[in-house]
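Asker: Sequence first, predicted model second:
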Amino acid sequence: MRAFALDALPFWWPYAFGAFVVALSVAATAHVVTRKRDVRAAIGWVGLIWLVPGVGTLLYAVFGLNRIQRRANQLHRARRRLLLSTPQALSIAREGTVSAVHADLQPMARLGEQLSGRPLLTGNRIDPLHNGDEAYPAMLAAIAAARKSIALSSYIFGDDAAGRPFVAALAAAVQRGVEVRVLVDGFGARYTYPPVHKALRRAGVPVALFLPRVHQAGLAFFNLRNHRKILTVDGRVAFTGGMNIQARNIHADHPPRRVRDIHFRIEGPLVGQVQESFAEDWQFTTREVLDGPQWFPTLPEVGSTTARVISDGPDGDLEILRTVILGALAQARQSVRIVTPYFLPDQGMVAALGVAALRGVRVEIVLPSRVNIPVVQWAASAQLWQVLRPGCRVYLSPAPFDHSKLMVIDRRWALFGSTNWDPRSLRLNFELDVETYCTSCAATLDDHIMARIAESRRYTLEDADARAFPVKVRDGLARLLSPYL
């Protein structure tokens, strides 16, 4: 058999192949310049497409296209049509209650409504739960009391001292005839081995992985994670915040590398919005529609808190949570207090923080003194000077590592949930937060932040300038990776 030789091909094949590559590059470029809103990202992709012909187009097709948006939007529309058959869904879709908040906060309330598509709901009760020592017993008690339905979603669900009691409680609920659905992020499930979804399946608990593996979901989905933390029981009580299910959160057990965090128990009409978010994620993953009174009962008012769920993800056209944060910074008149484990804001958010400080607002940012991901800490250190120079105050909290995500404006408006101040949370992850228009709730969280400040070390512009030159270079190089950290 004769070996295949290139000279056996027609003389014109290199020209045809070259024309094909050029045509693909032109098409990819047209897609970039018409779809990418970030000019720097567009320039980067166009440069890659033309500097590495063919390969650049392939990389853009794999990593640059937001394929998840089309599928998610289709399922979202289907979910809305089916969801409106339930009484609770009709109450979720009713006219907003912007007038329920003070007049000077109404612009902020309208912003949240326009961005989220959800109204403010009155009559809620929200209780903070500190660390796994308070949160996990309350969550397990709610699961034990479930009679109709349980929905649980977590980024990390460890098969460890924290996770195993949840597996047992969920299995017991299934045995009682409760409808149970568990959603674990496909990447977060691998934080412990063996992964917890195997134990859940052995126990007969319906569980699904969100975008499970590269070879199943495709490389284009690998970077998109479900970072939401949700537990709803009988559609009447919900738990959400920033806390994963893992042994590091149980301080009484004295685990190595403890994690400090805060979660929230919710009752009232707001639970319907939390449930709605889970139902959309579940349908996105499994195509099963969760509907009916066992999932969406009619919810009476039980408290005095006015609040709204704000969910965000790469399936939307707007960076919802980023815009809400920018609106809150513009609304601030006296104080802004922020707690976040990862602080890599983009230039627009840096500018908004600086403008607030220059207007005379007391802007205080609490960060961990030691971040659990060193490269993230290095990248954050490279840009802290940008918020310090206009007058923002930065505090480094002592160990244990603080994983909380809180923002309080003027002790009257608060935001809590799963979102970090980094590009991954604000652009790539599926996140869920709650904004509250409640003086007592905001004041409680503000006092919590001030207590953290009291035990923290202030980090100044002089500290940033005093870093050794090699450290500054290291931090600057790490900052180049910030869009993906």
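Answerer: Done, it's in.
Asker: could you measure residue 427 against residue 38, distance?
Answerer: With distances taken as Cβ to Cβ, to the nearest Å, residue 427 is found 9 Å from residue 38. All C-beta atoms are positioned from the backbone trio N, CA, C, and that covers glycine.
Asker: Then residue 20?
Answerer: When distance is defined by Cβ to Cβ, residue 20 is 29 Å away from residue 38.
Asker: Kindly report the same for residue 122.
Answerer: Counting by Cβ to Cβ, the gap from residue 122 to residue 38 is 38 Å.
Asker: Residue 300 now?
Answerer: Counting by Cβ to Cβ - residue 300 and residue 38 are separated by 45 Å.
Asker: what's the pLDDT at residue 214?
Answerer: pLDDT for residue 214: 47.
Asker: again, but for the one 5 residues further on
Answerer: The predicted local confidence for residue 219 comes out at a pLDDT of 45.
Asker: on that earlier part again, residue 122 and residue 38: which is more packed in?
Answerer: residue 122 (18 against 12; other Cβ atoms under 10 Å).
Asker: I'd guess that one is in a helix, am I close?
Answerer: No. Counting by DSSP: H, G, I helix; E, B strand; the rest coil, one finds residue 122 to be strand, located in no helix.
Asker: give the contact list for it.
Answerer: When contacts are counted by Cβ atoms under 8 Å, 6 or more residues apart in numbering, residue 122 touches 97, 100, 269, 301, 305, 306.
Asker: check contacts around residue 335.
Answerer: Here residue 335 is in contact with 361, 362, 363, 364, 408, 409, 410, 411, 446 (criterion: Cβ under 8 Å, 6+ apart).
Asker: typed the wrong thing, it's residue 457
Answerer: So residue 457 contacts 369, 395, 396, 398 (Cβ under 8 Å, 6+ apart).
Asker: one more time with 6 Å, if that's ok
Answerer: With contacts defined as Cβ atoms under 6 Å, 6 or more residues apart in numbering, residue 457 is in contact with residue 396.
Asker: separation between it and residue 366?
Answerer: 11 Å.
Asker: Dump the helix or strand that contains residue 174 to PDB, restricted to CA.
Answerer: Assessed by DSSP states H and E, residue 174 sits inside helix 163-175. What follows is helix 163-175, C-alpha atoms only, in PDB (Å, rounded to 0.1, in the frame of the first residue of the first chain):
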ATOM      1  CA  GLY A 163     -22.500  16.100  55.200                       C
ATOM      2  CA  ARG A 164     -23.300  12.500  56.400                       C
ATOM      3  CA  PRO A 165     -26.000  13.700  58.900                       C
ATOM      4  CA  PHE A 166     -27.700  15.400  55.900                       C
ATOM      5  CA  VAL A 167     -27.500  12.300  53.800                       C
ATOM      6  CA  ALA A 168     -29.100  10.300  56.700                       C
ATOM      7  CA  ALA A 169     -31.800  12.900  57.200                       C
ATOM      8  CA  LEU A 170     -32.700  13.200  53.500                       C
ATOM      9  CA  ALA A 171     -32.800   9.400  53.200                       C
ATOM     10  CA  ALA A 172     -35.200   9.200  56.200                       C
ATOM     11  CA  ALA A 173     -37.400  11.900  54.500                       C
ATOM     12  CA  VAL A 174     -37.600   9.800  51.400                       C
ATOM     13  CA  GLN A 175     -38.600   6.800  53.500                       C
END
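Asker: and the host helix or strand of residue 280, which residues are buried?
Answerer: According to DSSP H and E, residue 280 maps onto helix 270-286. Residues 270-285 are the ones in helix 270-286 that count as buried (16 or more other Cβ atoms under 10 Å).
Asker: Over to stretch 357-367?
Answerer: For stretch 357-367, by 16+ other Cβ under 10 Å, it's 357, 361, 363, 364, 365, 366, 367.
Asker: next one: stretch 196-213
Answerer: For stretch 196-213, the buried set under the neighbour-count rule, 16+ other Cβ under 10 Å, comprises 196, 197, 199, 200, 205, 206, 207, 208, 209, 210, 211, 212.
Asker: Stretch 23-41 too?
Answerer: 24, 25, 28, 29, 31, 32, 36.
Asker: So which of those residues sit within helices?
Answerer: Among these, the members found in helices (DSSP state H) are 24, 25, 28, 29, 31, 32.
Asker: can you give me the helices for the stretch 1-150 of the chain?
Answerer: Taking DSSP state H, counting those that start in this stretch as the criterion, the stretch 1-150 of the chain carries its helices at 13-35, 39-51, 55-59, 67-83, 87-92, 106-116, 131-144.
Asker: For stretch 466-474, what is the distance to the chain centroid?
Answerer: Centre-to-centre, stretch 466-474 and its host chain are 31 Å apart (Cα atoms, centre = their mean, to the nearest Å).
Asker: about what we covered before: would CSV of the ones in helices among the buried residues of stretch 23-41 with distance to residue 192 and pLDDT be doable?
Answerer: Conversion of these to CSV gives the following (distance: Cβ to Cβ, whole Å; pLDDT from 0 to 100):
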residue, distance to residue 192, pLDDT
24, 42, 83
25, 44, 81
28, 40, 78
29, 43, 80
31, 39, 82
32, 39, 76
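Asker: want to try JSON lines for those, with distance to residue 150 as columns?
Answerer: Below are these laid out as JSON lines (distance: Cβ to Cβ, whole Å):
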{"residue": "24", "distance to residue 150": "48"}
{"residue": "25", "distance to residue 150": "51"}
{"residue": "28", "distance to residue 150": "45"}
{"residue": "29", "distance to residue 150": "49"}
{"residue": "31", "distance to residue 150": "42"}
{"residue": "32", "distance to residue 150": "44"}
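Asker: so which of those comes closest to residue 151?
Answerer: Nearest to residue 151 among these is residue 31, at 37.0 Å by Cβ to Cβ.
Asker: What separation do you get for the closest one and residue 377?
Answerer: Distance of residue 31 to residue 377, computed by Cβ to Cβ: 36 Å.
Asker: Then residue 208?
Answerer: For residue 208, the distance to residue 377 - Cβ to Cβ - is 34 Å.
Asker: How about residue 20?
Answerer: Residue 20 is 46 Å from residue 377, by Cβ to Cβ.
Asker: between those two, which one's more packed in?
Answerer: Neighbours were counted for residue 20 and for residue 377 using other Cβ under 10 Å; residue 377 has more, 20 against 11.
Asker: Which of the three states applies to the nearest residue to the more buried one once chain neighbours are set aside?
Answerer: Here the nearest residue to residue 377 in space, its sequence neighbours aside, is residue 371; by Cβ to Cβ, 6 or more residues apart in numbering that works out to 3.8 Å. At residue 371 the chain is in coil, as set by three-state DSSP.
Asker: Use 19 as the first number from now on
Answerer: Taking 19 as the first residue, the last one we looked at is residue 389.
Asker: How many residues are close by residue 389?
Answerer: Counted with other Cβ under 10 Å, residue 389 comes out at 19.
Asker: And the pLDDT at it?
Answerer: 92.
Asker: what's it sitting at in phi/psi?
Answerer: phi -80, psi 150 (degrees, to the nearest 10).
Asker: so residue 326 is in which element?
Answerer: Element membership for residue 326, per DSSP H and E: strand 323-330.
Asker: who touches that strand?
Answerer: Outside strand 323-330, the residues that reach it (Cβ under 6 Å, 6+ apart) are 118, 130, 134, 136, 138, 140, 142, 144, 288, 291-292, 295, 338-339, 449-456, 459.
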